[in-house]
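quick check, what structure comes out for this input:
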Amino acid sequence: MIALVGPSGAGKTTLANLLPRFYDPQTGQIFIDGVDIKNVTLRSLRRQIGIVPQETILFSGTIAQNIAFGQADFDREAVEAAAKIANAHQFITQFSQGYQTWVGERGVNLSGGQRQRIAIARAVLLNPRILILDEATSALDSESEALVQEALERIMKDRTVFIIAHRLATVRRADRILVLERGQILESGTHEELLQLGDRYARFYAKQFQT
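Reported below is the predicted structural model:
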């Protein structure tokens, strides 16, 4: 688990977006398991990466189709299993049409927490080797955040995870924390190591938890 922290505009999302090649670096190379990502097809690369963004993108279609986005033929049981892991099954089955409930453009008929859990179910169904969580709980109320956080804990197991977060409570258990400012990695280490360093991360942490 790698956590990327820093102020807005530091480059956290930009760094994460280089992994699925939403754009390429002007210099240097990116390797996954020793393989330069420019040497594999985009389809193969992106099949290995799941993203749960801050603003979930939903499309006009059923809930099942949104969870199985990009898959013309999908297994209904697999969709339901993914929704259960994502803490979404309960609210989906409360709709009269269940998984066949029509979702309006951008999911306007769903709450923020519901949209986010559908995004998590989508990532679960993909079963990626690499998971990117970009401020996945920052826009949620406390009740929704608890449900989403519980779902995230389940899908983070046994895979490489990149977490982008302003709330440091979600990154303390990361194997490595990278502190970014103005596009530069200025600190790197575990939560305890960075606190002992007493510099940017420590000040950032103290400011959030001063009470």
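
when you work out contacts or count neighbours from here on, use the C-alpha atoms and nothing else.
Noted.

what about the residue nearest to residue 182 when sequence neighbours are not counted, distance to residue 162?
Of all residues not flanking residue 182 in the chain, residue 10 sits nearest, at 4.5 Å (Cα to Cα, 6 or more residues apart in numbering). Remark: distance between residue 10 and residue 162 (Cα to Cα, to the nearest Å) = 16 Å.

ok, the two, which is more surrounded?
More crowded of residue 10 and residue 162, by other Cα atoms under 10 Å: residue 162, with 22 against 18.

for the more buried one, phi and psi?
Dihedral angles of residue 162 (phi, psi; degrees, to the nearest 10) stand at phi -110, psi 120.

would you confirm that it contacts residue 3?
Yes - judged on Cα atoms under 8 Å, residue 162 makes contact with residue 3 at a distance of 5.7 Å.

contacts only, for the residue most central in space within the chain.
The centroid of the chain falls nearest to residue 133 when counting by Cα atoms, centre = their mean (1.9 Å). Listed by Cα atoms under 8 Å, 6 or more residues apart in numbering, the contact set of residue 133 reads 51, 52, 53, 161, 162, 163, 164.

swap in 6 Å and give it another go.
If you count contacts by Cα atoms under 6 Å, 6 or more residues apart in numbering, residue 133 has them with 52, 163.

ok, then the element right after the helix or strand harbouring it?
Element membership for residue 133 (DSSP states H and E) is strand 130-134. Counting by DSSP H and E, the next helix or strand C-terminal to strand 130-134 is helix 142-155.

list the buried residues for that next one?
Neighbour-count burial for helix 142-155 flags 144, 145, 147, 148, 149, 151, 152, 155 (criterion: 16 or more other Cα atoms under 10 Å).

got it, and stretch 130-140?
130, 131, 132, 133, 134, 135, 136, 137, 140.

name the residues that touch stretch 66-86?
Stretch 66-86 has contacts (Cα under 6 Å, 6+ apart) with 89, 117, 120, 121, 122, 124, 125, 151.

for the fourth one, give me phi and psi.
Taking degrees, to the nearest 10, you get phi -60, psi -40 for the backbone angles of residue 121.

what pLDDT does it get?
Looking at residue 121, its pLDDT reads 90.

please apply the same query to the last one.
Taken from the predicted model, the pLDDT recorded for residue 151 is 77.

likewise for the one 3 residues further on?
Reported pLDDT at residue 154 in the predicted model: 79.

quick check: closest non-adjacent residue to it.
Leaving out its chain neighbours, the residue that sits closest to residue 154 by Cα to Cα, 6+ apart is residue 85, at 7.0 Å.
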